[in-house]
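> Let's see this in three dimensions:
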Amino acid sequence: MELQNQEPIVIPHRELSAEALRGVLESFVLREGTEYGEREVSLDEKVAAVLRQLERGEAQVIYHVELESIDIIVSKRASQRSR
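The predicted structure is shown next:
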């Protein structure tokens, strides 16, 4: 089976265990560097916000076969709305 140039696989977030989902969410939030304005926002609040995006279909959990890594992508429409 050839793995080069394979499209990422969308993984429904509800199929991940609670621990795995939390790990993916925390990793994404800690890496993303989004500005939240003047107010300090806790890690839990940031994780909850991304989880809401997943539940609304504005973000997806994806698995990169070539990289053997999992990530979250946010739709352009959702990221424009949060500005």
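
> Which of the helices or strands spans the closest residue to Leu25 other than its chain neighbours?
Once flanking residues are discounted, Leu25 sits nearest to Val47: 4.5 Å by C-beta to C-beta, 6 or more residues apart in numbering. C-beta here means a position set from N, CA and C on the backbone, and glycine is covered the same way. Element membership for Val47 (DSSP states H and E) is helix 43-56.

> tell me which residues in that helix are buried?
Neighbour-count burial for helix 43-56 flags 46-47, 49-51, 53-54 (criterion: 16 or more other C-beta atoms under 10 Å).

> Just send the residues you listed back as TSV, with pLDDT too.
Output for the buried residues of helix 43-56, formatted as TSV (pLDDT from 0 to 100):
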residue	pLDDT
Lys46	91
Val47	94
Ala49	93
Val50	94
Leu51	96
Gln53	95
Leu54	97
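
> Reformat those as a markdown table; add distance to Glu26.
Compiled in a markdown table, the buried residues of helix 43-56 are given as follows (distance: C-beta to C-beta, whole Å):
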| residue | distance to Glu26 |
| --- | --- |
| Lys46 | 9 |
| Val47 | 6 |
| Ala49 | 12 |
| Val50 | 9 |
| Leu51 | 11 |
| Gln53 | 15 |
| Leu54 | 14 |
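
> May I have the beta-bridge partners of the residue nearest to the spatial centre of the chain?
Nearest residue to the geometric centre of the chain (C-alpha atoms, centre = their mean): Ile72, 2.5 Å. Here Ile72 shows beta-bridge partners Val61, assigned using DSSP bridges.
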